[in-house]
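Asker: okay, structure incoming, though there's no sequence with it:
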Ligand SMILES: O=c1ccn([C@H]2C[C@H](O)[C@@H](CO)O2)c(=O)[nH]1
Ligand SMILES: [Zn+2]
C-alpha cells in the first residue's frame, strides 16, 4: 500500500469531520488514524442526547480500528473547526497511549492559523497510566 503523507492524512481527517454527529455542541471533529501497513481508519465525534455518552473523534477512530483488527498505529490526524489549535482531550490521550506504549504515535493537528503541527502522544501525555502499572501493583 502506498505510504500516506501527513497532509493527505489530514485531508482524510477533514473528510471524516464531515460525518460528525454533533448537533448539541456543533463542534465537529474528524480523525484519521494510520495503522502500520498503511490502512487509514476514520473517526468523528458522535454526540448523544445524553451528553455524557458522547464519543470524541479520536476514540471513535481507535475503537473502529481495533474492531477491524488493527492494533499498531503510526499517526493520527485530527481536524476541528478552523481558527483554533485543537488537541485531544485527556480521555483520548489516555486511549491513544494504550496503543502506543512507547509514546511514539505521531499526533497531527493544525494551529490556530491552520498551519500543520506535529507532536507525539508521549509529549501530550507523559507518564500515562499503562498496563505496566497494573502489573507492578500488589492486588488488594
Ligand atoms: O479533540 C477533541 C475535542 C472535542 N471533541 C468533541 C467532543 C464533543 O462532541 C465536542 C465538544 O467537546 O467535540 C472531539 O471529538 N475531539
Ligand atoms: Zn477526546
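Answerer: Perfect, thanks for sending it. All figures in this text were calculated on a predicted structure; none of them were measured in a lab. Ligands and ions are numbered 1, 2, ... in the order given.

Asker: in contact with the residue most central in space within the chain, which residues?
Answerer: Compute the mean C-alpha point of the chain, and by Cα atoms, centre = their mean the closest residue is residue 58, 3.1 Å away. With contacts defined as Cβ atoms under 8 Å, 6 or more residues apart in numbering, residue 58 is in contact with 29, 31, 33, 43, 76, 78, 88, 89, 92, 95, 96. (Each C-beta comes from the backbone N, C-alpha and C, glycine too.)

Asker: show me which pair in those residues is furthest apart.
Answerer: 33 and 89 (15.8 Å; Cβ to Cβ).

Asker: pretty sure residue 100 sits against residue 124.
Answerer: No: the pair residue 100 / residue 124 is not scored as a contact, 10.4 Å apart, by Cβ atoms under 8 Å.

Asker: list the contacts for residue 35?
Answerer: Here residue 35 is in contact with 41, 65, 70, 72, 73, 74 (Cβ under 8 Å, 6+ apart).

Asker: of the residues you listed, buried ones?
Answerer: 41, 65, 70, 73, 74 (16 or more other Cβ atoms under 10 Å).

Asker: sweet, I'm off.
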